[in-house]
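Colleague: I would like the atomic coordinates for the input below:
(6 chains)
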6 protein chains.
Amino acid sequence: MKKWLPSLITRTPQEGYELAIQLAAKGVELIQPNEQIRRKLRPKYSRDPASIIAADQVIAIHFQTVAAANNYWKGSTSRDTPQYRTK
Amino acid sequence: MKKWLPSLITRTPQEGYELAIQLAAKGVELIQPNEQIRRKLRPKYSRDPASIIAADQVIAIHFQTVAAANNYWKGSTSRDTPQYRTK
Amino acid sequence: MKKWLPSLITRTPQEGYELAIQLAAKGVELIQPNEQIRRKLRPKYSRDPASIIAADQVIAIHFQTVAAANNYWKGSTSRDTPQYRTK
Amino acid sequence: MKKWLPSLITRTPQEGYELAIQLAAKGVELIQPNEQIRRKLRPKYSRDPASIIAADQVIAIHFQTVAAANNYWKGSTSRDTPQYRTK
Amino acid sequence: MKKWLPSLITRTPQEGYELAIQLAAKGVELIQPNEQIRRKLRPKYSRDPASIIAADQVIAIHFQTVAAANNYWKGSTSRDTPQYRTK
Amino acid sequence: MKKWLPSLITRTPQEGYELAIQLAAKGVELIQPNEQIRRKLRPKYSRDPASIIAADQVIAIHFQTVAAANNYWKGSTSRDTPQYRTK
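Modeller: Sure, this is the predicted structure:
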């Protein structure tokens, strides 16, 4: 298999979130390796709330893993990671 | 991609909860990037108990992550975070 | 938004469980802010085993968070928290 | 509310598992407080594989919490907790 | 109740996985104590992908617990636990 | 039972992900040991978005376990595990 996951370490939480999405997508790809079938399923699935939320949950689980791996990016106190504030 | 997640650190548990909701919403947005389709799905989904509870669960998972990132806001013993008490 | 989550710290495991329920309920409220709609959905949902169990699961996930935040109430060795024993 | 959860500490893993079941059952009870309705739902639900497995999952999540609270009963090296062995 | 869970400690990851299966099965048994009903449900459920995957997930959650209890079997560097390698 | 899980330790995150897939697949195998039935179910299940996402979630849960077991491969700073960067 080609290399696709060299590390769980990312520079920022947002990159961590993007990695979580990649991890979720990779599972789908390995479960259904046929790209044509996956492409056919996509429009159906991406208009079905239940499927969207279920996929959202897989991302959330992977984000837990990536966030823990990065110690929640606690060390990064640079301007790139200002404290989160709600409007 | 635009910056939307600078940090997992929030001042209060409540802001952490709001961040968890954002994290859940972002996943949906990335899974179905077409805003028009999302808007069409919303009324359907937000009246379906199963979908609501499933979305609620995604929030709960993200809140675990955010709470851990903030060490459960244990340090904040100011008046802003009085001990929780049930009525 | 009004303050509703000042802290994750509770005096007892039972209050922690009640907080977990509040956290689960809050998500539902934020997903479907219309109280009338929520009220209509309630009788349907609370008679549907699948929905009840799914909601039960959201509580369980939040209880994990609250329990961790309180270090599982390990310090509280007062009479209020006797060792759990099955009958 | 009556006291029902004085502590998460149990003497043995098995009592911890029983507590996890109690925690799962309590959520159901609080979601649907009407005992008559719960009793009506039970025969239906307990013959439906999907519902049984979903409930089983709630137990599993609570057992994670209880096991962590008890530090996985690592300290108990008495005869009551011999090493687990498969046949 | 008969003793069935003396400990979460196992000698190897594989025995830990087997224990996770036992933990999942026990929940089903306690939810539906009637063995005859369980036996009837089994052929149906074990041919339904959704049910199989849901049960697989319960095993995964319990395996998290058992693996944590055993500190991921990190100490066991004997020949019995060689480093995992993909082909 | 034949040995199939000697360790949770892997050299790289990617091998850890592959192990997570194995762990998920093993559960399915133990739940439905009849290979012929499993083979019949596969084409159906691998074209059903809900089943694919559910299986993806089981992988995500196992990946949490494997990643924790490997301390998120933090120690491996060799060329094999360069920092993850999004394009």
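
Colleague: identify the residues contacting the nearest residue in space to residue A:41 that is not next to it in sequence.
Modeller: For residue A:41, ignoring the flanking residues on the chain, the nearest one in space by C-beta to C-beta, 6 or more residues apart in numbering or on different chains is residue F:49 at 5.2 Å. To be clear about C-beta, it is placed using only N, CA and C from the backbone, and glycine gets the same treatment. With contact taken as C-beta atoms under 8 Å, 6 or more residues apart in numbering or on different chains, residue F:49 is in contact with A:41, A:44, A:45, A:48, A:51.

Colleague: residue A:47 too?
Modeller: Residue A:47 neighbours (C-beta under 8 Å, 6+ apart): B:32, B:37, B:41.

Colleague: go again with 10 Å.
Modeller: Going by C-beta atoms under 10 Å, 6 or more residues apart in numbering or on different chains, residue A:47 touches B:32, B:34, B:37, B:38, B:40, B:41.

Colleague: got those as JSON lines, with pLDDT, neighbour count and secondary structure columns?
Modeller: Shown next, in JSON lines, are those (pLDDT from 0 to 100; neighbours: other C-beta atoms under 10 Å in any protein chain shown; DSSP: H, G, I helix; E, B strand; the rest coil):
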{"residue": "B:32", "pLDDT": "96", "neighbour count": "21", "secondary structure": "coil"}
{"residue": "B:34", "pLDDT": "96", "neighbour count": "11", "secondary structure": "coil"}
{"residue": "B:37", "pLDDT": "96", "neighbour count": "14", "secondary structure": "helix"}
{"residue": "B:38", "pLDDT": "96", "neighbour count": "19", "secondary structure": "helix"}
{"residue": "B:40", "pLDDT": "96", "neighbour count": "12", "secondary structure": "helix"}
{"residue": "B:41", "pLDDT": "95", "neighbour count": "18", "secondary structure": "helix"}
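
Colleague: the residue of chain A found nearest chain E: how many residues sit nearby?
Modeller: In chain A, the residue that lies nearest chain E is residue A:1 (7.9 Å; C-beta to the nearest C-beta). For residue A:1, the count of nearby residues is 10 (other C-beta atoms under 10 Å in any protein chain shown).

Colleague: what are the ranges of the helices in chain A?
Modeller: Counting by DSSP state H, chain A has these helices, from start to end: A:13-31, A:35-45, A:49-69.

Colleague: wait, doesn't residue A:24 sit right on residue A:56?
Modeller: Yes. Counting by C-beta atoms under 10 Å, a contact exists between residue A:24 and residue A:56, whose distance comes to 9.1 Å.

Colleague: intersection of neighbour lists for these two?
Modeller: Common neighbours of residue A:24 and residue A:56 (criterion: C-beta under 10 Å, 6+ apart): B:27, B:31, F:53.

Colleague: can you give me how far stretch A:47-67 is from the chain middle?
Modeller: Taking C-alpha atoms, centre = their mean, to the nearest Å, one finds the center of stretch A:47-67 at 8 Å from the center of the full chain.

Colleague: kindly report the same for stretch A:44-62.
Modeller: Averaged over its C-alpha atoms, stretch A:44-62 has a centre that lies 12 Å from its chain's centre (C-alpha atoms, centre = their mean).

Colleague: list the buried ones in that stretch?
Modeller: A:45-46, A:48-62 (16 or more other C-beta atoms under 10 Å in any protein chain shown).

Colleague: what helices or strands is the helix or strand bottoming out on mean pLDDT in chain A leaning on?
Modeller: Here the helix or strand of chain A ranked lowest by mean pLDDT, DSSP states H and E is helix A:35-45, holding a mean of 94. Judged by 3 or more C-beta pairs under 10 Å, 6 or more residues apart in numbering or on different chains; DSSP states H and E, the packing partners of helix A:35-45 are helix A:13-31, helix A:49-69, helix F:49-69.

Colleague: pLDDT of the second one, averaged?
Modeller: Along helix A:49-69, the predicted confidence averages to a pLDDT of 98.

Colleague: what distance separates it from the middle of the whole chain?
Modeller: For helix A:49-69, the separation from the chain centroid amounts to 7 Å (computed by C-alpha atoms, centre = their mean).

Colleague: do the same with stretch A:34-44
Modeller: Relative to the centre of its chain, stretch A:34-44 is centred 19 Å away, using C-alpha atoms, centre = their mean.

Colleague: so what touches that stretch?
Modeller: For stretch A:34-44, the external contacting residues (C-beta under 10 Å, 6+ apart) are A:25, A:28-29, A:31-32, A:45, A:51, B:31, B:37, F:43, F:46-49, F:52.

Colleague: residue C:10: which of the helices and strands packed on helix A:35-45 is closest?
Modeller: helix A:49-69 (23.1 Å; C-beta to C-beta).

Colleague: report the angle between that closest one and helix B:49-69.
Modeller: Relative orientation of helix A:49-69 and helix B:49-69, computed by axes from the mean of the first three to the mean of the last three C-alpha atoms, to 10 degrees: 10 degrees.

Colleague: between helix A:49-69 and helix B:35-45, how many degrees?
Modeller: Using the same axes, to 10 degrees, helix A:49-69 lies at 110 degrees relative to helix B:35-45.

Colleague: ok and helix A:49-69 relative to helix F:13-31, angle-wise?
Modeller: Using the same axes, to 10 degrees: helix A:49-69 against helix F:13-31 is 130 degrees.

Colleague: that older thread, in a markdown table, list the helices and strands packed on helix A:35-45 along with distance to residue D:13.
Modeller: Shown next, in a markdown table, are the helices and strands packed on helix A:35-45 (distance: least, C-beta to C-beta, whole Å):
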| stretch | distance to residue D:13 |
| --- | --- |
| helix A:13-31 | 31 |
| helix A:49-69 | 25 |
| helix F:49-69 | 18 |
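
Colleague: what's around the closest residue to residue A:64 other than its chain neighbours, how many residues?
Modeller: In space, and not counting its chain neighbours, residue A:64 is closest to residue B:65: 4.9 Å by C-beta to C-beta, 6+ apart. Neighbours of residue B:65 under the rule other C-beta under 10 Å: 26.

Colleague: who touches residue B:65 in this structure?
Modeller: For residue B:65, the contacting residues are A:13, A:16, A:60-61, A:63-68, A:72, B:8, B:16, B:19-20, B:23, C:65, by C-beta under 10 Å, 6+ apart.

Colleague: and for residue A:4?
Modeller: Neighbouring residues of residue A:4 by C-beta under 10 Å, 6+ apart: A:22, A:23, A:26, A:29, F:13, F:14, F:17.

Colleague: quick check, pLDDT for the second one.
Modeller: Going back to what we said before, that points to residue A:23. For residue A:23, the predicted pLDDT is 98.

Colleague: now do the fourth one
Modeller: For residue A:29, the model assigns a pLDDT of 96.

Colleague: equivalent analysis for the fifth one, please.
Modeller: In the predicted model, residue F:13 carries a pLDDT score of 98.

Colleague: neighbours around the closest residue in space to it that isn't next to it in sequence, how many?
Modeller: Closest residue in space to residue F:13, ignoring its immediate chain neighbours: residue A:5 at 4.7 Å, by C-beta to C-beta, 6+ apart. Applying other C-beta under 10 Å, we find 20 residues neighbouring residue A:5.

Colleague: would you agree residue A:5 is in contact with residue F:20?
Modeller: No. Look at residue A:5 against residue F:20 with C-beta under 10 Å: they stay out of range, at 11.1 Å.

Colleague: which neighbours do those two have in common?
Modeller: With contacts taken as C-beta under 10 Å, 6+ apart, the residues that reach both residue A:5 and residue F:20 are residue A:23.

Colleague: tally up the residues packed near residue A:42, please.
Modeller: So residue A:42, with other C-beta under 10 Å, has 13 neighbours.

Colleague: dump the residue contacts of the residue nearest to residue F:13.
Modeller: A:19, A:22-23, A:26, F:12-18, F:73, F:81, F:84.

Colleague: thought residue A:8 was touching residue A:23?
Modeller: Yes. Contact criterion C-beta under 10 Å: residue A:8 and residue A:23 qualify, at 8.9 Å.

Colleague: identify the contacts common to those two.
Modeller: Applying C-beta under 10 Å, 6+ apart, one finds that residue A:8 and residue A:23 are jointly contacted by A:62, A:65, A:66, F:13, F:63.
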